[in-house]
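**Q** structure for the following, please:
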Amino acid sequence: MSDQLLKSPSSRPAGSEKRDPLTAVRGVLQRYSIAAVAIVVAVLIANLLPSVFHSRNAASSSATVAPSNIKPAAPPGTPGITVGGVKCGPGVRQVPWSHYAPICVPKWTGNNGGATAPGVTRTTITLTYREAASSELQALYSLVPPSAIGTNSEGIATMQAYINTFNKEFELYGRKVVLKPFVGKGDFISEFSGQDQTGAQEDAVTAKSLGAFADSSVLDATTLYERELARQGVIGLTIYGAPTSFFQRYSPYLYTTGTVCSKTVAQTVQLVGRTLNKTPVSFAGGGLNGRKRVFGFIGYGNSEQQACNQEIVSQLKSRYGITVSPVITMALNGNELQNEAATAIAKLKSAGVTTILCSTCDFITPIYLTKAADTQGYYPEWIQTDLLDSLTALQSPAQLAHTEGFGSQVLPKQATEAYHAFKLGAPPGEHIIPSFSYVYEPLLMFFDALQAAGPDLTPATFQKGFRSLPPSTPGGMYGGWAFNSNSFDPNASYSMAAWSNTAVNAVDGIRGSWVNCNNGSLYNYNGTPPQLPIGKELNCPKTG
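**A** Model (predicted):
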């Protein structure tokens, strides 16, 4: 997540620390209902909406033609010494402490072609970051515990520390990445509801005018902004998941550290078909345990997400003979969401649903749903996706005690490569943003692809380099990475987690956290081993 997700305490409304979360959320949604919901959807599972096709030729027509005498890089693994001082050889990583670094190349010297593409010079590669802002966001940010809050300046400083480290360690062929943050003019909330196209266009033009080769605005990007970046020929690096068709439409400009829709479908179908459907209810309340599982589904209502949700339902039926009913779509209308949630819970309860599939839910909807379930005395199993612990904790604790899903337990920051990279590049006394792992991942992916692209750097060679990257090594903080000729994201595997109301979050020290199931084992999206065991219940710590 970016620093825009979490604001400094001084920016929070007076007295917000004591606001009831549901009341506060409802107030925001009533003022700016659909747009505010879209913000949070994007923050947490964020399924982007495809837009009209852009003209790739128009976006790239201003690229400078590179000279033909560019000196190529040596093949990965060639013996020698890297720019970072590592002894290179077959199978050696460019950055030894990173599980995700590319195979090393010896230090390069020669002609890099200079301005091979917009945003690229002989000595620099420009990366922009849009700082979006809206007064409407403050009420949402105020719900986050203070220990999880960071400032914009901390976010930018964290990004700069990572860039400092990577500029020294990665082979960039005589160039360095230069970060250029700017304050956007677009209405961030309106953009997420598909409005304020003019503001998104203006900000993309600003990024272009700053000489951007790429933009890593993380959460401060929106559908409209990403589309406009592509139209300007600027690469966008996001944490958003979306249908593959979205990324194909804007190829070679958009990449994500989230999962494309097909992978979200795969993990849900695998969990239900291999594990849950073959075992009795085991982590519900209200006397439901021991019964045969009955599945219901809840998702939110934009057309692209509905297509992904329907794919989950149809694959469960065609592959495993599992009927999911009811399938409920939440309209995400802030004025009606409380009533919608109560109606949805009543339908699920009446249908005898023991297990609610909410794996593609946004952040707001489960808050309303779990409160409604409490009111109706209904305590089913919930299948969700692990989100920032401090945000998940806004749901009903009574319902969270019966929640499992996709994700992993947060590691102590000192144990992560993201923190190590920060310390290598940060000035003494600099504070890392609490959501540092979400900032680190797209930057790491960016530098990986830059090295793999070689000295003749263009959007096309960047994509080719990205897709040629090697699989990650075991033990990385983001699970497994792997790439192929159609990749837009790096993710190869998933893990399982359960919510614990008593566990302490290892990053911010707040009680309430996702904890690993099955000892943190990884399972492949593509159906190859390792896979979830068939007919074996998840092994999760007690989640009281």
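**Q** rest of the way, CA atoms for contacts and neighbours
**A** Fine.
**Q** all helices of the stretch 51-200 of the chain, in order?
**A** 56-60, 135-141, 152-169, 188-192, 197-209 (DSSP state H, counting those that start in this stretch).
**Q** right, I mislabeled it, should have said the stretch 401-544 of the chain
**A** Taking DSSP H, counting those that start in this stretch as the criterion, the stretch 401-544 of the chain carries its helices at 417-425, 436-453, 459-467.
**Q** do the stretch 251-400 of the chain as well
**A** So, for the stretch 251-400 of the chain - with DSSP H, counting those that start in this stretch - the helices run 261-270, 303-320, 337-350, 364-375, 389-392, 397-400.
**Q** show me which residues of the fourth one are buried.
**A** The one in question is helix 364-375. Buried residues in helix 364-375, counting neighbours by 16 or more other CA atoms under 10 Å, are found at 364-373.
**Q** which one of these is nearest Gln201?
**A** Distances from Gln201 to those, taken as CA to CA, are shortest for Ile364 (28.4 Å).
**Q** need the pLDDT of the closest one.
**A** For Ile364, the model assigns a pLDDT of 79.
**Q** mean pLDDT lowest where, among the helices of the stretch 51-200 of the chain?
**A** Across the helices of the stretch 51-200 of the chain, helix 56-60 gives the lowest mean pLDDT, at a mean of 36.
**Q** ok, back up a step: would you single out the least confident of the helices of the stretch 251-400 of the chain?
**A** helix 389-392 (a mean of 83).
**Q** what's the span of stretch 250-265, first residue to last?
**A** End-to-end span of stretch 250-265 (CA to CA, to the nearest Å): 22 Å.
**Q** about what we covered before: now for the helices of the stretch 401-544 of the chain, which one comes closest to Trp514?
**A** Per CA to CA, nearest to Trp514 of the helices of the stretch 401-544 of the chain: helix 436-453, 15.7 Å.
**Q** show me where pLDDT drops low in the stretch 51-200 of the chain?
**A** For the stretch 51-200 of the chain, the stretches with pLDDT under 70 are 51-68, 133-149, 188-190, 192-195.
**Q** tell me where it has strands.
**A** For the stretch 51-200 of the chain, applying DSSP state E, counting those that start in this stretch gives strands covering 80-81, 87-88, 124-131, 176-183.
**Q** need the winner for burial among these.
**A** strand 124-131 (a mean of 23; mean count of other CA atoms under 10 Å).
**Q** before we move on, the earlier item: select, out of the helices of the stretch 401-544 of the chain, the one closest to Lys317.
**A** Among the helices of the stretch 401-544 of the chain, if distance is taken as CA to CA, the winner is helix 459-467, at 33.2 Å.
**Q** between that closest one and helix 436-453, how many degrees?
**A** Helix 459-467 runs at 110 degrees relative to helix 436-453, counting by axes from the mean of the first three to the mean of the last three CA atoms, to 10 degrees.
**Q** need the residues that contact helix 459-467.
**A** 117, 235, 252-253, 448-454, 483-487 (CA atoms under 8 Å, 6 or more residues apart in numbering).
**Q** buried residues, that helix. List them.
**A** Buried residues in helix 459-467 (16+ other CA under 10 Å): 459, 461-467.
**Q** of the residues you listed, which is the nearest to Thr128?
**A** Nearest to Thr128 among the buried residues of helix 459-467, with distances taken as CA to CA, is Pro459, at 15.5 Å.
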